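Model the following, please.
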Amino acid sequence: MLELVLWDIDHTLMATRGVGRELWSEAFEQVTGVPLREQAPVTGATERIILRETARLHDIPYNEGLFDRFADALGTVHVRRAVELRERGHALPGAAAILAALDGRGVRQTVVTGNVRQAAEVKLATFGLDSYIRLDEGAYGEDAEDRAELLCVALERAVVTAPEAVFLGDTPADVAGGHAAGVRVIAVATGKTSADELKDEGAESVLDGLGDTAQVLAAIQA
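Okay, here's the model as predicted:
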């Protein structure tokens with residue numbers, strides 16, 4: 001029986017349309033003193049991995065202290081620039097409707113994301129999605145650097161077993177992480193990965209988007 005729906009955030013529920021990279025760049029320069037020249041690949045990666053690899057590209061030594069300072073700075077800059085995030089970004093079509101529909105059916109929902117927690121909270125609140133999400137049952141960039149590990153953290157916090165949950169994400173890393181954690185995966189082709197590629201990765205279901213609430217509900221409750 002379905003007990004918990006786990007959501008990825010970026011390009012699954014929302015798009016920041018370039019603001020996210022600007023905020024990341026600002027936090028990076030703030031904690032390192034070095035302007036961002038190049039950012040490591042971000043698709044499907046957690047903030048810890050992105051920061052470590054980006055620091056390497058700039059010949060900056062990485063340690064956990066640097067990550068902790070960066071996480072604080074990134075959360076703070078999201079708070080400070082939330083209005084800009086709302087003006088330039090948006091929730092993806094159907095996101096609010098499917099969250100509300102699941103909530104109305106009494107289904108618990110949380111997020112599994114590479115974002116640090118404060119940034120995730122700001123994004124969800126900015127686009128009016130936070131009221132449906134049990135934030136304390138989620139997993140965030142501070143918790144682990146591997147998607148499967150993050151999923152396991154969320155399952156433990158929610159006191160739910162893998163067969164009782166379903167995970168929705170938009171990247172091959174989401175599909176692989178879900179399978180490694182034993183969770184059924186519904187892939188949403190709203191990011192950079194096509195529906196055909198997500199099918200090839202082995203997602204149990206692939207959706208073009210969240211716009212058809214009935215279709216998304218059917219896939220989740222299959």
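
Just to check, residue 102 is in contact with residue 132?
Yes. Counting by Cβ atoms under 8 Å, residue 102 touches residue 132, with 7.3 Å between them. Placement of C-beta: from N, CA and C, glycine included.

okay, and the common contacts of those two?
Common neighbours of residue 102 and residue 132 (criterion: Cβ atoms under 8 Å, 6 or more residues apart in numbering): residue 109.

which stretches of the chain form helices?
19-32, 47-57, 64-80, 82-88, 95-104, 117-126, 147-158, 172-180, 195-201, 213-220 (DSSP state H).

Can you add distance to residue 41 and give these back as TSV?
Putting those into TSV (distance: least, Cβ to Cβ, whole Å) gives the following:
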stretch	distance to residue 41
helix 19-32	12
helix 47-57	8
helix 64-80	17
helix 82-88	22
helix 95-104	25
helix 117-126	18
helix 147-158	14
helix 172-180	10
helix 195-201	16
helix 213-220	28
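
State the number of residues packed around residue 204.
Each residue near residue 204 was counted by other Cβ atoms under 10 Å, and the total is 17.

Buried residues in stretch 105-116, which are they?
Residues of stretch 105-116 classed as buried under the neighbour-count rule (16 or more other Cβ atoms under 10 Å) are 107, 108, 109, 110, 111, 112, 113, 114, 115, 116.

Contacts only, for the first one.
Taking Cβ under 8 Å, 6+ apart as the contact definition, residue 107 lies against 2, 3, 4, 5, 220.

For residue 134, see how far away the fourth one is.
To tie it back to what came earlier, the one meant is residue 5. Separation of residue 5 from residue 134 (Cβ to Cβ, to the nearest Å): 10 Å.

Kindly report the same for the third one.
Taking Cβ to Cβ as the criterion, residue 4 is separated from residue 134 by 9 Å.

of these two, who's got more company?
Set residue 4 next to residue 134 and count neighbours by other Cβ under 10 Å: residue 4 wins out with 22 against 14.

domains of this structure?
As given by automatic domain parsing, the domain ranges for the chain are 4-16+90-220, 19-86.

Any chance of the ones you listed in JSON lines with mean pLDDT as columns?
Formatted as JSON lines, these follow (pLDDT from 0 to 100):
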{"stretch": "domain 4-16+90-220", "mean pLDDT": "97"}
{"stretch": "domain 19-86", "mean pLDDT": "96"}
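
out of the ones you listed, deepest packed?
domain 4-16+90-220 (a mean of 20; mean count of other Cβ atoms under 10 Å).

end to end, how far does that domain reach?
Terminal residues of domain 4-16+90-220 are spaced 10 Å apart (Cα to Cα, to the nearest Å).

any shared contact partners between residue 5 and residue 134?
When contacts are counted by Cβ under 8 Å, 6+ apart, the set common to residue 5 and residue 134 consists of 108, 109, 110.

contacting residues for the last one?
Pointing back at residue 110 there. 4, 5, 6, 7, 133, 134, 135, 137, 138, 154, 157, 158.

can you put the residues you listed in JSON lines and add distance to residue 91?
JSON lines is the format used below for those (distance: Cβ to Cβ, whole Å):
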{"residue": "4", "distance to residue 91": "21"}
{"residue": "5", "distance to residue 91": "16"}
{"residue": "6", "distance to residue 91": "18"}
{"residue": "7", "distance to residue 91": "12"}
{"residue": "133", "distance to residue 91": "13"}
{"residue": "134", "distance to residue 91": "18"}
{"residue": "135", "distance to residue 91": "17"}
{"residue": "137", "distance to residue 91": "21"}
{"residue": "138", "distance to residue 91": "17"}
{"residue": "154", "distance to residue 91": "21"}
{"residue": "157", "distance to residue 91": "24"}
{"residue": "158", "distance to residue 91": "23"}
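
All good on my end, thank you.
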